[in-house]
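# The sequence isn't on hand, but the structure is:
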C-alpha cells in the first residue's frame, strides 16, 4: 500500500494520492487505506519516507559503483548530475518524477510533519555527493558539499521552467562553474 502511494506521489504529486487511488493501485479494498492509516496525511508521510529510502538506496548503489580516481571538473560534474538528476536519461515518466521530487521539497516545507523526513532525505543526498566527490579525488567541507547539492537543485528547478535546456545540461553547466572552488582536488602530502 505504501509502495502504491509512493508510486502515485512520484507520478502525479500530492494530488494523486487519494485513498481510492492508492487502494486501486495496490489492488486492495478501499477500507484498507483507512484501516492501516489514520489519515491521508499519515499515508502521504509513509509514501514520502518510502520514496526517500528508495532514492537513498539508489544513490548508495550508484556511489558504490564509482571508481576512485581523479576526475576533472567536467567529469565530476557529469558524475554528480547522474547521481542527483537522473541516471538513465529523462523520458516522460522520469521527467514527471523529477518534477514530483521538487514539488515534495516545497510541500514538505509547508507541512511540519514532513520536514524531518525531507531533511533526512537531503542529508542522504548530501552524504552521497560527499562520497562521490571524495571518489573523484576531491575534497570539500560538509557545508560546501551542501552548496553543491543546492547548486544542482537550483539549476534543476530553473531548467524545469525554461524550455531552452534540459535539467541535466543546466545542472552540469552550473557544476562545472563551481566544482573547482567548492570541491578542489585533494592536496597530496609532499614527500619529506
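Arrived safely. Here the structure is a predicted model, which means the values were calculated and not measured.
# Spatially central, which residue of the protein would that be?
Centroid-nearest residue in the chain, with Cα atoms, centre = their mean: residue 84, separated by 5.4 Å.
# who's in contact with that residue?
Listed by Cβ atoms under 8 Å, 6 or more residues apart in numbering, the contact set of residue 84 reads 125, 129, 149, 152, 153, 156, 171. (C-beta placed from N, C-alpha, C; glycine too.)
# what's the burial count for the nearest residue to residue 8 once chain neighbours are set aside?
Distance criterion Cβ to Cβ, 6 or more residues apart in numbering; nearest residue to residue 8, sequence neighbours excluded, is residue 16 at 4.4 Å. Neighbours of residue 16 under the rule other Cβ atoms under 10 Å: 16.
# what packs against the lowest-mean-pLDDT helix or strand in the chain?
Least confident helix or strand, the chain: helix 92-110 with a mean of 85, by mean pLDDT, DSSP states H and E. When contacts are defined as 3 or more Cβ pairs under 8 Å, 6 or more residues apart in numbering; DSSP states H and E, helix 92-110 packs onto helix 2-12, helix 40-64, helix 112-135, helix 142-161.
# low-scoring pLDDT stretches of this structure, where are they?
Along the chain, the model assigns pLDDT under 70 to residues 87-90, 188-192.
# okay, now the residue nearest to residue 138 when sequence neighbours are not counted: neighbour count?
Nearest residue to residue 138 in three dimensions, chain neighbours excluded: residue 183, at 4.3 Å (Cβ to Cβ, 6+ apart). Neighbour count of residue 183, defined by other Cβ under 10 Å: 27.
# again, but for residue 79
Other residues within reach of residue 79, judged by other Cβ under 10 Å, total 20.
# Which residues are in contact with it?
Residues in contact with residue 79 (Cβ under 8 Å, 6+ apart) are 66, 71, 132, 136.
# Show me which of the residues you listed is closest to residue 43.
residue 132 (33.2 Å; Cβ to Cβ).
# you'd agree the closest one is up against residue 81?
No. In this structure residue 132 lies outside contact range of residue 81 using Cβ atoms under 8 Å: 10.6 Å.
# Need the helices and strands packed on helix 92-110 in TSV (columns: mean neighbour count and distance to residue 96).
Converted to TSV, these look like this (neighbours: other Cβ atoms under 10 Å; distance: least, Cβ to Cβ, whole Å):
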stretch	mean neighbour count	distance to residue 96
helix 2-12	21	6
helix 40-64	17	13
helix 112-135	18	19
helix 142-161	17	11
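# So which of those helices is nearest residue 102?
Nearest to residue 102, of the helices and strands packed on helix 92-110 and by Cβ to Cβ, is helix 142-161 at 5.6 Å.
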